[in-house]
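[1] Structure for the following, please:
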Amino acid sequence: MKQYYLFGAGINCIAAIQFFGKQNIVAVIDSDEKKQGSYIEGIIIISLEEYIKRKDNREIIITAFSENKVIENSLINKGIFNYYKSPYMQTGFYIDCDDIIVKLKLNNYETIIFCTMNPISELIIDRLKIKNPNIRVCYIDMKKELEDNIPIIITNQDDRIKFQRIYKENSKNKLVFDIVQIYETKFGFKNDKILKFKNIYKDKRCFIIGNGPSLRYEDLDLLYKQKEICFGVNRIYLSYEYTKWRPNYYIAVDYAIVQNDSKKILELDGIKFVRHFYKEIENWNENGIYEFRGLICQPGEPHISFDIYQGVYIGNTVVYDAIQIALYMGFREIYLLGVDMTTGIRYEEEGSHFYKSPNLNENLGKGNTPEARKCLGYAGKVIEQIGGKLRNATRGGELDELERVDFDSLFEVDF
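    As a prediction, the model looks like this:
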């Protein structure tokens with residue numbers, strides 16, 4: 001069995017370790033100096049410089065998703081070309097290559113064609129040949145016309161682009177197994193209990209409360225007195241000892257927060273939404289928690305979901321998830337508060353939130369704030385097109401992609 005390096009010690013890395021097998025991962029590369037020297041799933045995290053110093057020619061699997069193009073460019077600039085961009089696996093993927101073979105019934109074919117030689121195709125081939133030593137494996141050759149009854153395996157976005165470029169209009173006549181699209185269509189996580197939230201607040205207004213440093217307890221008190229419908233996210237519960245306000249709905253999508261604070265989340269009153277991860281942390285469904293599926297879009301190409309039963313698009317901030325959940329519930333007037341979107345500060349550093357960080361060694365990272373701001377700006381435009389509005393009522397911060405509104409002006413009260 002071949003061994004690999006992974007690049008990107010984030011949540012997708014955890015799922016990739018499970019898929020490729022812990023025993024097959026030499027180390028995880030990450031550019032974050034705070035992570036280097038620590039471990040993820042028991043595997044050492046190293047710098048790219050350390051990888052180069054080792055003079056190891058084993059392949060690198062890029063597991064970071066939103067930053068995969070940046071990582072790809074950095075590898076090419078270093079003269080490193082033996083890399084593969086992994087699909088996003090964390091919010092739902094096949095257990096392993098055996099699971100792909102079973103679900104796609106690949107063992108029923110005498111010949112299989114892959115778009116490229118890569119870690120997933122190699123693992124599938126190894127497992128297929130154990131089951132059927134006589135199976136014939138080929139790779140796409142631009143000079144040859146393929147038979148319609150021979151399956152073509154697409155393992156990631158780059159394979160998909162290559163296949164479409166070669167076959168163009170004729171691609172519909174081919175027997176194509178795009179393993180990511182098939183999983184998303186047929187096997188992706190769905191939660192029937194979510195259906196009851198459809199349009200329960202049709203054309204109403206709500207507030208989504210972030211964890212930014214500008215958040216004021218007196219503003220939460222006002223929301224409480226006005227009985228506004230609110231969504232709270234991530235560690236908003238750290239405000240509870242200072243205010244009577246409580247969100248009507250709580251949402252968490254950060255894997256580290258969900259993992260580290262799972263007991264606290266379970267103890268919270270009210271309705272809670274948590275993104276579904278491949279690695280179940282608690283039996284959420286039996287504890288008043290509604291899991292929803294995370295959907296991936298390519299960096300720089302945001303999408304928005306109006307049907308969270310099918311899934312919620314990831315937008316580099318939990319606020320983006322909250323907006324889509326609010327839209328599904330029927331809200332068409334949405335205000336953000338405490339959504340500062342301050343760049344250049346790590347999530348666990350002091351000054352990044354309204355609260356003092358409970359764990360400075362948590363290594364949540366900086367995130368991709370510019371990408372998150374683009375997604376929020378996109379959401380504002382989409383909601384405007386359907387006759388709604390998404391406004392930023394945050395006191396300060398850097399989120400200027402949305403039209404700002406004075407928070408106090410939203411209430412008919414005497415100050």
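[2] Thr116 and Ile153 touch, don't they?
    No. Checked against CB atoms under 8 Å, the pair Thr116 and Ile153 is beyond contact range at 9.5 Å. The way it works is simple: take the backbone N, C-alpha and C, and place the C-beta from them, glycine included.
[3] Give me the nearest residue to Ile383, chain neighbours excluded.
    Nearest non-adjacent residue to Ile383, counting by CB to CB, 6 or more residues apart in numbering: Leu390, 4.6 Å away.
[4] Repeat that for Asn316.
    Once flanking residues are discounted, Asn316 sits nearest to Ala372: 3.8 Å by CB to CB, 6+ apart.
[5] how many other residues sit next to that neighbour?
    Per other CB atoms under 10 Å, the neighbour tally for Ala372 reads 23.
[6] tell me the SS of it?
    helix (DSSP: H, G, I helix; E, B strand; the rest coil).
[7] Per-residue pLDDT of it, please?
    According to the prediction, Ala372 has pLDDT 91.
[8] Equivalent analysis for Cys297, please.
    84.
[9] Was I right to think it contacts Ser305?
    No. Using CB under 8 Å, Cys297 is not in contact with Ser305; the gap is 10.1 Å.
[10] Now do the shared contacts for the two.
    Residues touching both Cys297 and Ser305 by CB atoms under 8 Å, 6 or more residues apart in numbering: Tyr313.
[11] Neighbour count: the two, which is higher?
    Ser305 (19 against 16).
[12] low-scoring pLDDT stretches of the chain, where are they?
    141-148, 168-173, 279-286, 343-352, 357-367, 413-415 (pLDDT under 70).
[13] Can you report how many residues lie near Arg205?
    Close neighbours of Arg205, defined as other CB under 10 Å, add up to 17.
[14] Name the nearest residue to it, ignoring sequence neighbours.
    Glu333 (3.6 Å).
[15] so where do the helices sit in the stretch 151-300 of the chain?
    Under the criterion DSSP state H, counting those that start in this stretch, the stretch 151-300 of the chain contains helices at 157-167, 179-182, 217-225, 255-260, 262-267.
[16] Include mean neighbour count and distance to Ile236 when you put those helices into CSV, please.
    As requested, the helices of the stretch 151-300 of the chain are exported to CSV (neighbours: other CB atoms under 10 Å; distance: least, CB to CB, whole Å):
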stretch, mean neighbour count, distance to Ile236
helix 157-167, 16, 35
helix 179-182, 18, 33
helix 217-225, 17, 9
helix 255-260, 18, 11
helix 262-267, 14, 11
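[17] thinking again about what came up before, the residue nearest to Arg205 and His276, how far apart?
    29 Å (CB to CB, to the nearest Å).
[18] Compare those two (neighbour count), which wins?
    His276 (21 against 16).
[19] Quick check: the more buried one touching Ala15?
    No. Between His276 and Ala15 there is no contact under CB under 8 Å: 11.8 Å.
[20] contacting residues around the residue nearest to Asn316?
    Ala372 neighbours (CB under 8 Å, 6+ apart): Gly315, Asn316, Thr317, Val319, Tyr320, Met341.
[21] shouldn't the second one be in contact with Asn368?
    It stands for Asn316. Yes. At 4.7 Å, Asn316 counts as touching Asn368 under the criterion of CB under 8 Å.
[22] shared neighbours, these two?
    Ser66.
[23] and the residue nearest to Arg205, what are its bridge partners?
    Arg205, Lys389 (DSSP bridges).
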